[in-house]
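[1] below is the sequence, then the predicted model.
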Amino acid sequence: GQRSRRSPTPSPNAAKAPPAVPTECQASAQSVLGEESEVLLSGDLAHSGHIQLLIVNRLLKMPKNVVPGLFVSRAAIIEKDNGDWHEIFLADEHLKNSDGFLAGTPVGPVTDWRLQYEQQPTGLAMYFTPLQQAGSERPVTIEVRWNPAAKRYQSLDRDFKHFLREAPALGPTPEFLMRQ
């Protein structure tokens, strides 16, 4: 007889299956970013002694005319403290932490971001680039890291060397804030 049974070939997406995420972590992620949330990283991401999750809502459709990458509509970091999860960083239309809007955040809303991230010896480094930005020829990439002195995620200056203070409201960034 003919061999009509073949073992199924794994789909290209099967190779990219994310590592198993504990149910509690996935439930916490969904409480922040909804059912479509995906946990990208978990662990002591900031080397602060607290468990954190980097979670995202991926774009379902690849944007046209852009270099391939990880595209998200939202990203967040949640942290477990005394048994409870708290959102400590959010990238939605703007980049925010508990103290306000991160320096360098575009004033106009950003619907989609390119996110690059890496674990470094000092902790998680994230790079957010708006896909489309009103009134700007070239979107600027904003680096966000854990600031151990301030005990929160903050953006860095244009040279990626110094942490910048948050703004309580959006508006043109005063020049003195960009020089701190």
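    Okay, I see it.
[2] only C-alpha atoms for contact and neighbour calcs from this point on.
    Will do.
[3] in the protein, spot the helix with the most residues.
    Secondary structure of the chain per DSSP state H: the longest helix is helix 23-33.
[4] just the buried positions in it, please.
    25-26, 28-30, 32-33 (16 or more other CA atoms under 10 Å).
[5] just the residues you listed now: which is nearest Q52?
    C25 (9.4 Å; CA to CA).
[6] please tell me how far that closest one sits from D84.
    Note on C25: its distance to D84, by CA to CA, to the nearest Å, is 11 Å.
[7] now swap in Q30 and tell me
    Distance, Q30 to D84, by CA to CA: 14 Å.
[8] could you do P139 as well?
    Following CA to CA, the distance that separates P139 from D84 is 36 Å.
[9] so those two - more neighbours on which side?
    P139 (15 against 9; other CA atoms under 10 Å).
[10] give me the neighbour count for M62.
    Residue neighbour count, defined by other CA under 10 Å, stands at 13 for M62.
[11] name the element the most centrally placed residue in the chain belongs to?
    Most central in the chain under CA atoms, centre = their mean is A75, positioned 4.1 Å from the mean C-alpha point. For A75, the host element (DSSP states H and E) is strand 70-81.
[12] shouldn't E87 be in contact with A75?
    No: counting by CA atoms under 8 Å, E87 sits too far from A75 to count as a contact (10.6 Å).
[13] just the helices in this structure please.
    For the chain, the helices defined by DSSP H cover 23-33, 175-178.
[14] on that earlier part again, not counting its neighbours along the chain, what's nearest the residue nearest to the centre of the chain?
    Leaving aside its chain neighbours, A75 sits nearest to V56 (4.2 Å; criterion: CA to CA, 6 or more residues apart in numbering).
[15] how much space between the one you found and H162?
    Distance from V56 to H162, by CA to CA: 26 Å.
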